[in-house]
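In: structure for the following, please:
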Amino acid sequence: MYEISAYSHFDAAHFLRGYPGKCANIHGHRWKVEITLRGETLNELGILVDFMDIKELLKEAVNAFDHKMINEVPPFNEMNPTAENIAGYIFEDMAGRLRDRVGSQIKITKVTVWESEAASATYFSGE
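Out: Numbering: from 1, shown residues only. Just a heads-up that it's a prediction; the model follows:
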């Protein structure tokens with residue numbers, strides 16, 4: 001079994017509805033996103049998935065949020081844009097993008113979203 005990871009980032013603002021503290025106010029982060037993929041078979045070049053493909057797909061996914069108010073981007077216009085919820089959303093979005101690009105032999109195992117160097121949330125595959 002092989003596992004690889006790639007990173008991307010985006011800059012965006014958000015606020016947490018119903019939160020009893022400062023995070024209820026509009027504030028911004030330089031969000032960092034890590035995606036981890038797993039598969040059993042390498043191609044003829046010894047590559048699980050080309051990093052260029054992964055980074056391109058991840059950049060497409062995070063561009064939905066870049067330089068925006070996350071609370072205005074569906075589904076976060078209704079769902080609280082916590083790091084946990086964003087990680088879960090990107091996981092599901094990337095699962096579809098990856099399936100369309102490379103098929104079903106490669107699986108996403110987790111997506112981690114950092115809102116700072118000291119705070120992150122991870123969404124894991126249920127498989």
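In: pLDDT averaged over the helix ranked longest in the chain - what is it?
Out: Counting residues, the longest helix found in the chain (DSSP state H) is helix 83-102. The average pLDDT for helix 83-102 rounds to 94.
In: which residues touch that helix?
Out: Residues outside helix 83-102 that contact it (CB atoms under 8 Å, 6 or more residues apart in numbering): 31, 33, 35, 37, 49, 53-54, 57-58, 60-62, 65, 70, 75-76, 79, 106, 108, 110-115, 119-123, 125. For the C-beta atoms, the positions are set from N, CA and C on the backbone; glycine is no exception.
In: only whichever of these are buried, select them in ChimeraX.
Out: In ChimeraX, this line selects whichever of those come out buried by 16 or more other CB atoms under 10 Å:
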select :31,33,35,37,49,54,57,58,61,62,65,70,76,106,108,110,111,112,113,114,115,120,121,122,123
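In: okay, and which of the contacts of helix 83-102 map to strands?
Out: Counting by DSSP state E, the part of the contacts of helix 83-102 found in strands is 31, 33, 35, 37, 108, 110-115, 119-123.
In: tell me which two of those residues sit farthest apart.
Out: Using CB to CB, the ones in strands among the contacts of helix 83-102 span at most 23.8 Å, a distance reached by 37 and 119.
In: low-confidence ranges, this protein, go.
Out: 127 (pLDDT under 70).
In: let's see 90
Out: 99-105, 125-127 (pLDDT under 90).
In: how close does the one residue sitting closest to the centre of it sit to residue 70?
Out: Nearest to the mean C-alpha position of the chain, by CA atoms, centre = their mean, lies residue 90 at 3.8 Å. Relative to residue 70, residue 90 is positioned 12 Å away (criterion: CB to CB, to the nearest Å).
In: how about residue 96?
Out: Residue 96 is 20 Å from residue 70, by CB to CB.
In: equivalent analysis for residue 76, please.
Out: To residue 70, residue 76 is 5 Å away according to CB to CB.
In: buried ones in stretch 24-43, by neighbour count?
Out: Within stretch 24-43, judged by 16+ other CB under 10 Å, the buried ones are 29, 31, 32, 33, 34, 35, 36, 37, 38, 39.
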